[in-house]
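Visitor: sequence and predicted structure below; questions after.
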Amino acid sequence: MQCPSCQHTDSRVLESRAADSGRSVRRRRECLNCEFRFTTYERVETVPITVVKRNGTRETFNRAKLLHGLLRACEKTGLEPARLEAVVDEIELELQQRSGREVTSCEIGELVLRHLSEMSEVAYVRFASVYRQFQGISDFVATLEGLDKRNGGRRSKPSLAAIG
């Protein structure tokens, strides 16, 4: 492992522990040349997943891009970033366990919405408005009514009929 400080290639492991719910190993290292301490992560190399976009183009699955979208949808909702990272982990694991190596962006969007519907109605609607490309207020109303039905009408807020 190359030292980030002096680029020397020899280091010793000071400590190892499981990270990411056992899916990776976190190691504290010390450079044998300059004694700089740094952290590395080791994880199993997986076969890349190809995402087929709406326009037919293909790109490699990017967990950072998915996390960014979730963070944007969940801004100021009180959801912890660690919880959102766990959602990305679950989605990535589900995609890795599939037999096929290609997944559509629509499938990923639906997986995200399934998780968000259980976590935050506001984040669900925000993500859905971008993912489903809402064109107007009727798209928002239809999504809210669908979410209300999915949750069995357990909303603590007035119904949509009471708002209008």
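Guide: Arrived safely, thanks for sending. Note that the structure is predicted; figures quoted are calculated from it, not measured. Numbering: from 1, shown residues only.
Visitor: where does this structure dip in pLDDT?
Guide: For the chain, applying pLDDT under 70 flags the ranges 151-164.
Visitor: so what are the domain limits for it?
Guide: Residue ranges of the domains in the chain are recorded as 11-43, 50-163, according to automatic domain parsing.
Visitor: excluding sequence neighbours, find me the nearest residue to residue 92.
Guide: Counting by Cβ to Cβ, 6 or more residues apart in numbering, residue 63 is the residue found nearest to residue 92 once chain neighbours are left out, at 5.6 Å. In short, each C-beta sits where N, CA and C put it, glycine included.
Visitor: could you list the buried residues of the helix or strand hosting residue 64?
Guide: With secondary structure defined by DSSP states H and E, residue 64 is part of helix 63-73. Residues 66, 67, 69, 70, 73 are the ones in helix 63-73 that count as buried (16 or more other Cβ atoms under 10 Å).
Visitor: so the last one touches residue 116, yeah?
Guide: Yes - in this structure, residue 73 is within contact of residue 116 by Cβ atoms under 8 Å, at 6.9 Å.
Visitor: what is in contact with the two at once?
Guide: 123, 124, 127 (Cβ atoms under 8 Å, 6 or more residues apart in numbering).
Visitor: return the distance of the residue lying farthest from the centre of the chain relative to residue 148.
Guide: Distance from the C-alpha centroid of the chain peaks at residue 33, with 38.1 Å (Cα atoms, centre = their mean). Between residue 33 and residue 148 the distance is 62 Å, computed by Cβ to Cβ, to the nearest Å.
Visitor: for the spatially most central residue of the chain, give me its contacts.
Guide: Most central residue of the chain, judged by C-alpha distance to the mean C-alpha position with Cα atoms, centre = their mean, is residue 88 at 2.7 Å. Taking Cβ under 8 Å, 6+ apart as the criterion, residue 88 is in contact with 63, 66, 67, 70.
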